[in-house]
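Q: Structural data only, the sequence is not supplied:
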């Protein structure tokens, strides 16, 4: 069986309401997939459930054949799943460097020494790639960051932590042209590394250059329709009604 | 700014008329009580780190603002663990106006520690145009720890700037989840956030203080 | 403290109303066992209730006056007070003796003629009998009980007795013990399961049934999924012959039920108002205390919500205005005993001339109470240089899973603000009134509209007089 982030028949309740009714979706390793849907359709709840923040009512979630259900969030992360939050929380007092170092040390094999030099080199290179100057390393995570800065910080973490699968929750919203370009380049870099990606978004135009392998419409708690970029274009042009 | 150790400067009666322009580090033993008086134009910074040693720790401090244009900037970090009993009783008293005092206290509470923080701002009727502020943040890290905060105000003049706040809580679940979603274990998250919490005050302390040497 | 002695001078001279006292039935002055037995007999109470009163009396006699009471209570003279007065025995005064200030307030608030004499202590009652009778009929049809304490305990013992004295036991404090011994009047209310009353129940309707004030005892039981709003007091200044008011209010709120308890207190300046109010909120229940304290010489009142069931919620909205010579010592207690409970306190106070407004509160989260949240905010507006503001909050948290937060600010009306409004054509006192109402605005919205309007007018009047 090919490696994939596989979701089968997922049922999810949020605040007593049923949000997902048997959602099935697969993101094969190295592929880029897009998830679209109305506000309130459950896209964010879905990705939050995958990383263990919301308990799942029924269904299966597996990463390369290993079930993720019921695992603590740090184990899910260590197994290779990364979520770029739409509105990540601020961590006053914790610098970006401290966060990334702790996260890498957590993935380290026991007994192995942490290579500080390599870490700093990697961080410097990644920050440069993301258009972030050296001062970012000692800024407190998301503390006083604008929306665009927060998203850049999320993507920086994905580049450093090298997950197998990345969930991008509206990584494009609120970005200007230059920032969007940087984001697209970062996604392409991840893609070249063989990272599987699920991009949650409302807009299709910026996806054109990424040539996603699949576009999926979430509606009424399930994947209502799947297709290619033509589905995304139709949704952007005519609204969600057109696609149903 | 140069810093001075309170143990070398505090007279026997426990009342010190602060000469201006210094950092005062309280390096006194577990139990101590004293008054610092700031006269006109004195600018003074005060740092205290409690909890590193001792089982029963008590501090009673009166900051008396006695002259115009005086300014006090005081930072207190309390790090309690095991079954320590730590008590802070503080008064910021403005006897005269046109002066400023800021007191910022942070505490972290682990294991079965008991921490009590009572701090009062008194602005006398003569103390018009005073500025007095107090902030107390307390982080509880264990289900057996117990923290009590009593921030009090007694204001007898109305043309003043005065506000205070206090908060007690555990680790923010959102912050915890975010760090865990990056693969960091719960234990490491707790240590990271505890450190981050104390950092705001630790970074104010001179580098050769014992707590900073351990970093 | 120096400001206290000048206040005492005020205490000595204000609030002196003289009137002839001449009536047949008399429980007499001072408090002895015979007084309590007399009260119980006049009301025709069963043995168990007499025993409750007698036990409370013993507790009252043994308890010392708490040392932290901020004002000297000696002017009160406990052995000179009359502890029981039936309606027709209440002393009256002549309309000519009512201070002009009070009459002006009635005008300003638009108090109906027939109510003015009642409020001013000139008459013992006014004609609200009809309105009350109609209301009672419609409530009874829905299974709602709305009666006074005597009727509640005698005619509906099975409903009220299980909870009576359990939320605020006599032993709670000296003044709840006093109330336990000599209580009379007050509302006993039961709302059946699922019943949601959209009109508030008002204490005003019942005042003719029995003496209103002094040692009222209220018990409200709201059964599962039911909702009620209760309103007591009024904005118009109320003359009270009796100087000591020690009321007790107990609320029992069953799962998923909601209570809103609104009080507007404007007692005359001779009154010492010491009230114990507490509610128990069970699973997913909600208790809101909405309190406005304008009158009395001293008010000590700390409405409490015990969050005893998971997901329960407690709220307190408090406005207190301390005029010259007054001491308003008010606050809130939020006790989190169950998990996932939340509480919110919003208190605003105004000190005018040498008035003292103090906030005294406690928020406690027990170890067993996980994931509790509290936010408390106190804002004090000090109008004059001689005004006084105090804050005494306590935050008490055990365990790592709850969040309790407190913030307080002190401010005044600035000259710049007054200048700005005067440039827009307002007179100085008008400007003051506008700014002070602005300060209170977001809390005034919590009161029923008529109260909000009346309170605003009262405050405007107050500012105009300074």
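A: Now that the structure is in, tell me what you want to look at. Since we're looking at a predicted model, the values are computed, not measured. Numbering: from 1, shown residues only, chains lettered A, B, ... in the order given.
Q: which bits of chain B sit near chain C?
A: Selection of chain B residues close to chain C by Cβ under 8 Å from any Cβ of the partner chain yields B:125, B:128, B:138, B:140-160, B:162-171. C-beta: built from backbone N, CA, C; applies to glycine.
Q: if you set the cut-off to 6 Å instead, what comes out?
A: B:140-143, B:146-150, B:152-156, B:158, B:162-170 (Cβ under 6 Å from any Cβ of the partner chain).
Q: Which helix or strand in chain A has the lowest average pLDDT?
A: Here the helix or strand of chain A ranked lowest by mean pLDDT, DSSP states H and E is helix A:240-243, holding a mean of 72.
Q: The closest residue to chain B within chain A: what secondary structure?
A: Per Cβ to the nearest Cβ, residue A:93 is where chain A lies closest to chain B, at 2.9 Å. Reduced to three states with DSSP: H, G, I helix; E, B strand; the rest coil, the structure at residue A:93 is coil.
Q: For burial, what's the neighbour tally of the residue of chain B found nearest chain A?
A: Nearest to chain A, among the residues of chain B, is residue B:196, at 2.9 Å (Cβ to the nearest Cβ). Using other Cβ atoms under 10 Å in any protein chain shown, residue B:196 has 20 neighbouring residues.
Q: any idea which helix or strand carries it?
A: In this structure, residue B:196 sits in helix B:186-202 according to DSSP states H and E.
Q: And that helix, what does it pack against?
A: strand B:71-80, helix B:173-180 (3 or more Cβ pairs under 6 Å, 6 or more residues apart in numbering or on different chains; DSSP states H and E).
Q: any idea which of those is most buried?
A: strand B:71-80 (a mean of 22; mean count of other Cβ atoms under 10 Å in any protein chain shown).
Q: and that one with chain A, contact?
A: No. Judged by Cβ under 6 Å from any Cβ, strand B:71-80 and chain A are separated, with a smallest distance of 12.7 Å.
Q: residues in contact with that strand?
A: B:38, B:43-51, B:63, B:86, B:100-109, B:113, B:115, B:198, B:201, B:204 (Cβ atoms under 6 Å, 6 or more residues apart in numbering or on different chains).
Q: Give me the subset of the residues you listed lying in helices.
A: Among the contacts of strand B:71-80, the members falling in helices (DSSP state H) are B:198, B:201.
Q: are any of the contacts of strand B:71-80 buried, and which?
A: B:38, B:43-51, B:63, B:86, B:100-109, B:113, B:115, B:198, B:201 (16 or more other Cβ atoms under 10 Å in any protein chain shown).
Q: The residue of chain A closest to chain B touches residue B:194, doesn't it?
A: No. Look at residue A:93 against residue B:194 with Cβ atoms under 6 Å: they stay out of range, at 9.6 Å.
Q: Quick one, which of the residues of chain B next to chain C are buried?
A: Neighbour counting with 16+ other Cβ under 10 Å marks B:140-142, B:146-150, B:152-156, B:158, B:162-170 as buried within the residues of chain B next to chain C.
Q: Near chain A, which residues of chain B? Just list them.
A: B:174-175, B:177-178, B:180-185, B:188, B:192, B:196-197, B:199.
Q: Now do the strands in the chain.
A: Going with chain A. A:4-14, A:17-28, A:32-36, A:58-63, A:66-67, A:81-84, A:165-169, A:196-200, A:214-219, A:222-227 (DSSP state E).
Q: that answer is for a different chain, and I need it for chain B
A: Going by DSSP E, chain B shows strands at B:3-5, B:15-18, B:22-26, B:31-38, B:43-50, B:56-65, B:71-80, B:85-94, B:100-109, B:114-123, B:131-140, B:146-155, B:161-169.
Q: for chain B, which spans come out with low pLDDT?
A: Counting by pLDDT under 70, chain B has low-confidence residues at B:1, B:208-215.
Q: now the stretch 101-250 of chain C
A: Within the stretch 101-250 of chain C, the stretches with pLDDT under 70 are C:114, C:118-119, C:121-134, C:204-213, C:235-236, C:238-242.
Q: between residue A:93 and residue B:194, who's got more neighbours?
A: Higher neighbour count among residue A:93 and residue B:194: residue A:93, with 21 against 17, using other Cβ under 10 Å.
Q: where does the more buried one land on pLDDT?
A: Note on residue A:93: pLDDT of 80.
Q: Report the beta-bridge partners for the closest residue to residue B:133 other than its chain neighbours.
A: Excluding its sequence neighbours, the residue lying closest to residue B:133 (Cβ to Cβ, 6 or more residues apart in numbering or on different chains) is residue B:102, at 4.8 Å. Beta-bridge pairing of residue B:102 under DSSP bridges involves residue B:73, residue B:133.
Q: those helices in chain A, which residues are they?
A: Under DSSP H, chain A gives helices at A:43-50, A:73-78, A:96-107, A:116-129, A:147-161, A:177-192, A:229-238, A:240-243.
Q: let me fix that: chain C
A: C:2-13, C:33-42, C:47-62, C:100-109, C:113-119, C:129-141, C:149-155, C:157-160, C:174-182, C:415-423, C:428-444, C:449-465.
Q: Tell me the pLDDT of the residue nearest the centre of chain A.
A: Chain A has residue A:167 as the residue nearest its centroid, 1.9 Å off, counting by Cα atoms, centre = their mean. pLDDT, residue A:167: 97.
Q: quick one, which of the helices of chain C is nearest to residue C:189?
A: Within the helices of chain C, the stretch nearest residue C:189 is helix C:149-155; the backing value is 8.2 Å (Cβ to Cβ).
Q: can you tell me how far the spatially most distant residue from the centre of chain A sits from residue B:40?
A: What lies farthest from the middle of chain A is residue A:111; by Cα atoms, centre = their mean that is 30.6 Å. As judged by Cβ to Cβ, to the nearest Å, residue A:111 and residue B:40 stand 63 Å apart.
Q: returning to that earlier point: from residue C:68, how far off is the residue of chain A closest to chain B?
A: In terms of Cβ to Cβ, residue A:93 sits 39 Å off from residue C:68.
Q: Is there any residue in stretch C:431-450 that contacts chain B?
A: No. Stretch C:431-450 stays clear of chain B (Cβ under 6 Å from any Cβ), getting no nearer than 13.1 Å.
Q: the domain parsing of chain C - what is it?
A: Annotated domains of chain C cover C:2-91+C:123-414, C:415-466 [automatic domain parsing].
Q: Out of the ones you listed, which is the most enclosed?
A: Taking mean count of other Cβ under 10 Å, domain C:2-91+C:123-414 is the most buried of the domains of chain C, at a mean of 20.
Q: tally of neighbours for residue A:194?
A: 11.
Q: Setting the sequence-adjacent residues aside, check what's closest to it.
A: Using Cβ to Cβ, 6+ apart, the closest residue to residue A:194 is residue A:30 (4.5 Å).
Q: is it true that the one you found touches residue A:192?
A: No. Contact criterion Cβ under 6 Å: residue A:30 and residue A:192 do not qualify, at 9.5 Å.
Q: In contact with the residue in chain B sticking out farthest from the centre, which residues are there?
A: The centre of chain B is farthest from one residue, residue B:183, which by Cα atoms, centre = their mean lies 34.0 Å away. Contacts for residue B:183 were tallied using Cβ under 6 Å, 6+ apart; they are A:74, A:77-78, A:103, A:106-107.
Q: what does chain A have sitting close to chain B?
A: A:51, A:53, A:73-74, A:77-78, A:89, A:91, A:93-94, A:102-103, A:106-107.
Q: end-to-end on stretch A:38-46?
A: End-to-end distance of stretch A:38-46 (Cα to Cα, to the nearest Å): 13 Å.
Q: Thought residue C:253 was touching residue C:222, still the case?
A: Yes. With contact defined as Cβ under 6 Å, residue C:222 counts as touching residue C:253 (5.0 Å).
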